[in-house]
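Student: pasting the sequence and the predicted coordinates here, then a few questions.
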Amino acid sequence: MSQEKKQESANREDKTSKRMIDAMEKAEHTRDLFLANMSHELRTPINTILGLNELILRESQEEAIKEYALDIRQAGNILLTLVSDILDYTKLEAGQMELSHGIYDISSLLNDLVNGISIQLRKKKLDLKLDIAQDVPYKLSGDEIRLRQILSNLLSNAVKYTERGRVTFHLGWAQTGEDEIEIDFAVKDTGIGIREKDIAKLFGAFQRMDIVTRGKNDNTGLGLAISNRLVEMMGGRLEVQSTYGKGSTFSFKIRQKVVDYAPLGDFEKKYNESLHSVKNYKQKFIAPMGRVLVVDDNAMNLAVAQGLLKETRLQVDVAGSGEECLELLKRKTYHVICLDHMMPVMDGVETLHAIRKLEGNPSVDTPVIALTANAVAGAREFYLKEGFQDYLTKPIDAEKFETMLIRYLPENVVYLTKEQSGADDAGDENEIGLLESKLSGIGINIRNGLKYMGNDMALYGKVLQDFHLILQEKEDALRDFLKKRDMPGYAIIVHSLKGNARNVGADDLADEAFELEKMSKAGQLEDVEVRSPILFNLMKNMRKDLKAYLDSESKAAKDSAEQKEENIRISEDEWKKALRELAGRLDDFDGDSVNEKLKELKRYDRPESDKKMLRLCEKAVKDYAYDVALEVVNAVL
Ligand code: ADP
């Protein structure tokens, strides 16, 4: 073939392959666009399914249904992650991903990351070591969401692929320019490690290296591919060091702009304190009638807050954004609102201002506590100035959280548990047995009730008193709704009555309320009308019996308080003098004046032997054995 021809054919081949490449690229692009759109379209219905499923979980009373709903939640979440990963990946491939720039708190980022893996860590009994530079500037500018995505992927992989030992999270920094720093992140684990030959493949899509890691259905094999691309977009490189069987380290460096040089502080200490408080946790109070709303855009943080408050039996509602919070406030009132500061769209401060301005909002004056990972100097002044009542730093310390709630919840809904109120009221078996015999006739199972009150007898007593008042209130409300044929209203009241009754151990009443709750929720007006009298009758009897019981208890308490109060001090000489007077009156057979003197003597603070002597003397006087009484007194004179 002549030189020319060769050239021509080469050109033709070039053109053809160029066309082929073009066509392939176009096809790839179309595929990516298709996938990106599809994933987006898929997410909406999945979210609807999951949202409705949450309602089933919350409202269903049947265990089997709840189990199914939990499975739906788990599978749904996996599907959602998968779809989100595919969307991210295709966007990255199609060059459609753009980084956004915003101001963020490094402490808030760390808190959310740590919270995000805490459950997994605890389940696998792994240690988390935080090696975080304390002087890193706390406020930076960059794409926090994507940074969080990369780090949470690395951290969750570290936990996922480690069975024993620890995960170390390192953050260091160096100044690289005016108002610019380079941060180096590293996530190290003592897990299964990765084979050398596999390391190169690690960042490819859908790669799973080890047989152990396959088959785990919550893996997509896309996480690292996405993380790697994102790090590249941020101007860094994701590096891996790994020894098979020993562990891996994933690290990268990126530059971020500094917004505020105030140092982060000792995050590790804060984290350890919060861990410690969770471990040694014993709730300080119980407030089944208290209503608290927690607002945070991070679902993990909401779960943590709910978990922390579980033992207090507060009614905790959660909202995932400022907007959602405002929506809830239109329908329900709360005693305290806890508001995260850093939230997208509408942050905590804006939400607070909106709450205070919201028209017809019954929560206008509700105390609002700022939840913030931002603990730098001046934070307190800042939040108070903005109108918050107080603020709490994240990770939340369970003890501080409770102390704060005790302070801001209305006094009449808080029952301090014995540790907090300082009283030694743990019911001993005799006392419980006695009470049990008194209450069982009334239809109250004291052991069930006490269980809910952390076995605190004093607390239980107070709750019983409240329950007595509630019975009348609720009966009136139920009758009212019945008259108005308002089944949803009836359902709300009968539902809370059921809860109140369970709390004290009034199980029959609770069961009856539950039956009526189901009927009223189903809108079966006629059935509710027929069955309500049974409930009202139970309530009436309970009220009557409870009142008799409470009255007798309060009288007994008053008597013993009177006795306690009258422990008057008296000197030895005066005591002897008083006894001599008593002896004189006994000698005179003067009944009334003897009794009067005895009453006086009993008020003094004396050792048990003297009290015993007085009791003997009193008994003798009652039997008109004045001589015996005189002997008893003379014996100590
Ligand atoms: P996924 O974890 O969802 O499978 P990733 O892209 O995050 O997907 O990880 C890809 C694969 O890399 C994992 O399946 C696992 O085989 C391996 N891998 C990732 N992180 C680690 C780690 N810390 N230790 C051991 N293997 C890891």
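Tutor: Received, thanks. From a predicted model like this one, the values you see are computed outputs, not experimental measurements.
Student: give the contact list for the residue nearest to residue 436 when sequence neighbours are not counted.
Tutor: Computed as C-beta to C-beta, 6 or more residues apart in numbering, the closest residue to residue 436 that is not its neighbour in sequence is residue 446, at 4.9 Å. The way it works is simple: take the backbone N, C-alpha and C, and place the C-beta from them, glycine included. Residues counted as contacts of residue 446 (C-beta atoms under 8 Å, 6 or more residues apart in numbering) are 432, 435, 436, 439, 440, 460, 505.
Student: now do residue 446 against the ligand, distance only.
Tutor: 52 Å (C-beta to the nearest ligand atom, to the nearest Å).
Student: backbone dihedrals for residue 200, please?
Tutor: Torsion angles at residue 200 (phi, psi; degrees, to the nearest 10) stand at phi -60, psi -30.
Student: repeat that for residue 136.
Tutor: Main-chain dihedrals, residue 136, degrees, to the nearest 10: phi -60, psi 130.
Student: ditto for the one 3 residues further on
Tutor: Main-chain torsions, residue 139, degrees, to the nearest 10: phi -110, psi 120.
Student: nearest residue to it in space, please, no chain neighbours.
Tutor: What sits nearest to residue 139 in space, not counting adjacent residues and going by C-beta to C-beta, 6+ apart, is residue 260, at 3.6 Å.
Student: for the one you found, helix, strand, or coil?
Tutor: Look at residue 260: counting by DSSP: H, G, I helix; E, B strand; the rest coil, its state is strand.
Student: okay, now residue 481: neighbour count?
Tutor: 21 (other C-beta atoms under 10 Å).
Student: that one is in contact with residue 489, isn't it?
Tutor: Yes - using C-beta atoms under 8 Å, residue 481 makes contact with residue 489 at a distance of 4.2 Å.
Student: point out where the stretch 1-150 of the chain drops to low pLDDT.
Tutor: 1-3, 32-33, 35-37, 39-40, 58 (pLDDT under 70).
Student: of all of it, which residue lies closest to the ligand?
Tutor: residue 85 (7.9 Å; C-beta to the nearest ligand atom).
Student: what's the answer for the stretch 401-550 of the chain, then?
Tutor: residue 401 (33.1 Å).
Student: that residue contacts residue 308, correct?
Tutor: Yes - using C-beta under 8 Å, residue 401 is in contact with residue 308, at 6.0 Å.
Student: tell me the confidence at the residue nearest to residue 165 when sequence neighbours are not counted?
Tutor: Leaving aside its chain neighbours, residue 165 sits nearest to residue 190 (3.1 Å; criterion: C-beta to C-beta, 6+ apart). For residue 190, the pLDDT comes out at 97.
Student: ok, residue 190 to residue 466 distance?
Tutor: 53 Å (C-beta to C-beta, to the nearest Å).
Student: give me the element residue 88 is part of.
Tutor: helix 63-93 (DSSP states H and E).
Student: what is the neighbour count of the residue of the stretch 401-550 of the chain closest to the ligand?
Tutor: Other residues close to residue 401 by other C-beta under 10 Å number 21.
Student: now residue 200: how far from residue 174?
Tutor: 29 Å.
Student: quick one: contacts for residue 354?
Tutor: 322, 326, 346.
Student: hmm, residue 499 is touching residue 288, no?
Tutor: Yes - between residue 499 and residue 288 there is a contact at 6.8 Å, judged by C-beta under 8 Å.
Student: now rank the contacts of residue 354 by neighbours and give me the top one.
Tutor: residue 322 (25 neighbours).
Student: circling back: skipping its backbone neighbours, what lies nearest the residue of the stretch 1-150 of the chain closest to the ligand in space?
Tutor: residue 222 (4.2 Å).
Student: mind pulling up the pLDDT for residue 312?
Tutor: Predicted confidence (pLDDT) for residue 312: 85.
Student: list the residues that contact the residue nearest to residue 165.
Tutor: The neighbours of residue 190, taking C-beta under 8 Å, 6+ apart as the test, are 162, 164, 165, 166, 167, 246, 247.
Student: now the fourth one. Its backbone dihedrals?
Tutor: Looking back up the chat, that one is residue 166. The phi/psi pair for residue 166 (degrees, to the nearest 10) reads phi -140, psi 160.
Student: for it, which non-adjacent residue is closest in space?
Tutor: Spatial nearest neighbour of residue 166, excluding adjacent residues (C-beta to C-beta, 6+ apart): residue 127 at 3.8 Å.
Student: touching, the one you found and residue 167? I think so.
Tutor: Yes - contact criterion C-beta under 8 Å: residue 127 and residue 167 qualify, at 7.3 Å.
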